[in-house]
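*Asks:* Make a model of this:
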Amino acid sequence: MTPIRFGTEEQFTALRRLLRDAGYNDATLCSRAQVSSIYEVLASEIRQKHKPPLDDTIDALMWVLLEGRSISMRSWQHLVPGELTDLLMAMGLLVDQADEFICPLALYPVENLYVISDRNSSTADSVYPALVENTGRFLDIIPRSRCESFLEVCGGTGIAALLGARDFAAHSYAFDIAERSVEFAEFNRRLNGLANMTNSAGDLYAPAGPKTFDRIVAHPPYVPVLKPKAIFHDGGDDGEQIVKRIVEDLPAYLAPGGEFAMLSMGSDRKDTPYEHRVREWLGKAQAEFDIALVSRRIMEPADFVARSVMQGRSDSSEIDQWKRVFGSRGVTALVYGTILIRRKTGNRPAFTVRRQNSDRTNRAEMDWLLDWEGSVAGATATAQLLDGALTAAPDIELRVVNRLQDGDWAATGYQLQADYPFSMELQPQPWMIYLLSKCDGKKTGRELWQQLIDQEVIFPGTPLDQFATALTVLVSGGFLHL
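*Replies:* Next comes the predicted model:
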């Protein structure tokens, strides 16, 4: 494996300044690659087809530091300032091989932080790159409200902890079991000049001792594997080996009112959905925690095995073994998405919910979900709905199922669909459809209840609290806005 060399604080400061002065940042790289996100740069057709000659410093830096290509020493020296060259060589990020320069690692910007990582998984302790779409999804789920202490477990490059230290945490921590990852995270901390970040080696929470944290995030190994190959990738034969341990130990490390977010994969099993299994993992303390699962993709076990074989991660001879593994555990589906856990501070009942991610779902929508479901569980949502003005979501759709009956089309079923804040479907009762048409932002829930009674849309004896409960379902699904 390629070693890195730590420079002095002055060298780190100078390297950071020179990279910034050269314009080696997210916006410039996206512009050169003609993509909208830094996580799309390496997959850009423009970059993949790019051929010499190279025209300027950014071309050379992208070619060598980002993409890992070689360049003649003469071309490099023509394009890149000598001071920057000397610093990169001093830290092992630029190596002379047969009159050519190469970068044996990768150095790139992510959210305008500078990060080094390995380029591939040639060894078990390779440091997983931060410049991939999966890492972008992980960073999008991080709660970024101000906090005193922020922890990233399974830290790798430490990218989440770096963001925390720079943007919202008084102090940030990154833990990883692999010494190489901790070394890279420390290099990244110093390269970005962040004094309020601590990197430690240990198994999950082990380096924390008795300390608790306001925010904890994780992007752990979660891919089911029969033959382990890479620390950052392999989650055991069911994918949950590390995911489960992270949740099980959470009660000891998440402070009251604290939040946990994890991008991972787990499984629905016979009679027990994934999110309820997560609750069970919390053990005796589970009543203290709210849980939300926001799924991005759901796969049948057979589909996962087929993809694993086609992508070369498994051999076709292992298909029967996979069937036994999933069958013995009662796995009915593999669920990839975000697990959100918040430690309650009050005495209300805890909630467990699942939602389906949409293209419009971001961290703000996840925060809304936690807050809203908390108010529902605490019985404060009822008063809000009855006394607040209600508006039907502007982009919901009503789909009607018609069937031929006695030679005529007759409506036999209805389905409401919403795409914000989550992708949701609901088979409504007919009165709900009528209700939504009357929610114009001017009437309160109480007024609408009376109107539906007066118009005999609902039974005159319908209790107000029962009506309010139905309203919470419509709001939770995104069909109705308060």
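
*Asks:* Next, the contact list for residue 222, please.
*Replies:* Applying C-beta atoms under 8 Å, 6 or more residues apart in numbering to residue 222 gives the contacts 235, 239, 240, 242, 243, 264, 265, 266. (Each C-beta comes from the backbone N, C-alpha and C, glycine too.)

*Asks:* Distance check, it against residue 435.
*Replies:* Distance, residue 222 to residue 435, using C-beta to C-beta, to the nearest Å: 41 Å.

*Asks:* do the same with residue 288
*Replies:* When residue 288 is compared with residue 435 (using C-beta to C-beta), they lie 36 Å apart.

*Asks:* same question, residue 328
*Replies:* From residue 328 to residue 435 the distance is 47 Å (C-beta to C-beta).

*Asks:* Then residue 292?
*Replies:* 26 Å.

*Asks:* Comparing those two, which shows the higher neighbour count?
*Replies:* More crowded of residue 292 and residue 435, by other C-beta atoms under 10 Å: residue 435, with 26 against 21.

*Asks:* how about the helix or strand containing the more buried one as CSV, C-alpha atoms only?
*Replies:* Using DSSP states H and E, residue 435 maps to helix 430-438. The C-alpha coordinates for helix 430-438 follow below in CSV (Å, rounded to 0.1, in the frame of the first residue of the first chain):
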residue,chain,number,x,y,z
PRO,A,430,-64.4,8.4,-0.5
TRP,A,431,-64.9,11.1,2.1
MET,A,432,-61.2,11.7,2.2
ILE,A,433,-61.2,12.5,-1.5
TYR,A,434,-64.0,15.0,-1.0
LEU,A,435,-62.3,16.5,2.0
LEU,A,436,-59.1,17.2,0.1
SER,A,437,-61.0,19.1,-2.5
LYS,A,438,-62.3,21.4,0.2
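
*Asks:* Just list what it packs against, helices and strands only.
*Replies:* strand 408-418, helix 445-454, helix 464-476 (3 or more C-beta pairs under 8 Å, 6 or more residues apart in numbering; DSSP states H and E).

*Asks:* And the contacts of the last one?
*Replies:* What that stands for is helix 464-476. 353, 372-373, 376, 381-382, 385-386, 390, 426, 432, 435-436, 445-446, 449, 452, 458, 480-482.

*Asks:* Likewise for the second one?
*Replies:* Residues outside helix 445-454 that contact it (C-beta under 8 Å, 6+ apart): 385-388, 390, 431, 434-435, 438-439, 443, 458-460, 462, 464, 467-468, 471.

*Asks:* same question, stretch 271-280
*Replies:* Contacts for stretch 271-280 (C-beta under 8 Å, 6+ apart): 247, 266-269, 286, 289, 291-293, 330, 335, 339, 341, 352-354.

*Asks:* any idea how this protein splits into domains?
*Replies:* For the chain, automatic domain parsing gives the domain ranges 9-108, 113-378, 385-481.

*Asks:* ok now the first one, how far from the chain's centre?
*Replies:* When C-alpha coordinates are averaged (C-alpha atoms, centre = their mean, to the nearest Å), domain 9-108 and its chain have centres 28 Å apart.

*Asks:* Residue 442 - that's part of a helix, no?
*Replies:* No: using DSSP: H, G, I helix; E, B strand; the rest coil, the assignment for residue 442 is strand, not a helix.

*Asks:* Distance-wise, check it relative to residue 389.
*Replies:* 6 Å.

*Asks:* Please give the element, helix or strand, for residue 214.
*Replies:* Going by DSSP H and E, residue 214 is in strand 213-218.

*Asks:* next structured bit after that strand?
*Replies:* With elements assigned by DSSP H and E, the helix or strand that comes after strand 213-218 is helix 241-248.

*Asks:* Can you list the buried residues in that next one?
*Replies:* 241, 242, 243, 244, 245, 246, 247 (16 or more other C-beta atoms under 10 Å).

*Asks:* What of stretch 318-338?
*Replies:* 318, 322, 325, 326, 331, 332, 333, 334, 335, 336, 337, 338.

*Asks:* who touches the closest residue in space to the second one that isn't next to it in sequence in this structure?
*Replies:* Among residues not flanking residue 322 along the chain, residue 305 sits closest, at 4.5 Å (C-beta to C-beta, 6 or more residues apart in numbering). For residue 305, the set of contacting residues under the criterion of C-beta under 8 Å, 6+ apart consists of 314, 319, 322, 323.

*Asks:* Could you name the stretch from the helices and strands packed on helix 430-438 that's closest to residue 88?
*Replies:* Proximity to residue 88 (C-beta to C-beta) singles out strand 408-418 among the helices and strands packed on helix 430-438, at 50.6 Å.

*Asks:* Quick check: next helix or strand after the closest one?
*Replies:* strand 424-426.

*Asks:* what's the spacing between residue 18 and residue 80?
*Replies:* Taking C-beta to C-beta, one finds residue 18 at 9 Å from residue 80.

*Asks:* swap in residue 160?
*Replies:* 31 Å.

*Asks:* Give the residue from these two that has the larger number of neighbours.
*Replies:* residue 160 (28 against 24).

*Asks:* Which helix or strand contains the more buried one?
*Replies:* Counting by DSSP H and E, residue 160 is found in helix 159-167.

*Asks:* Report the inter-axis angle for that helix versus strand 213-218.
*Replies:* Between the axes of helix 159-167 and strand 213-218, defined by axes from the mean of the first three to the mean of the last three C-alpha atoms, to 10 degrees, the angle is 140 degrees.

*Asks:* May I ask you to name the longest helix in this protein?
*Replies:* Criterion DSSP state H: the longest helix present in the chain is helix 363-377.

*Asks:* how big is the angle separating that one from helix 464-476?
*Replies:* 170 degrees.

*Asks:* helices or strands next to helix 363-377 in the packing?
*Replies:* strand 289-299, strand 331-343, strand 352-356, helix 381-387, helix 464-476.

*Asks:* for it, which positions count as buried?
*Replies:* 363, 365, 366, 367, 369, 370, 372, 373, 374, 375, 376, 377.

*Asks:* Now find how far off-centre that helix is within its chain.
*Replies:* 17 Å.

*Asks:* do the same with stretch 191-211
*Replies:* How far stretch 191-211 lies from its chain's middle: 21 Å, per C-alpha atoms, centre = their mean.

*Asks:* And residue 121, what's its pLDDT?
*Replies:* Residue 121 is assigned a predicted lDDT (pLDDT) of 66.

*Asks:* Next: residue 237.
*Replies:* At residue 237, pLDDT is 81.

*Asks:* Residue 25 - nearest residue in space that isn't next to it in sequence?
*Replies:* Closest residue to residue 25 apart from its sequence neighbours, by C-beta to C-beta, 6+ apart: residue 109 at 5.1 Å.

*Asks:* ok, now how distant is the nearest residue to residue 270 once chain neighbours are set aside from residue 194?
*Replies:* Leaving aside its sequence neighbours, residue 270 sits nearest to residue 330 (C-beta to C-beta, 6+ apart; 3.9 Å). Residue 330 sits at a distance of 45 Å from residue 194 (criterion: C-beta to C-beta).
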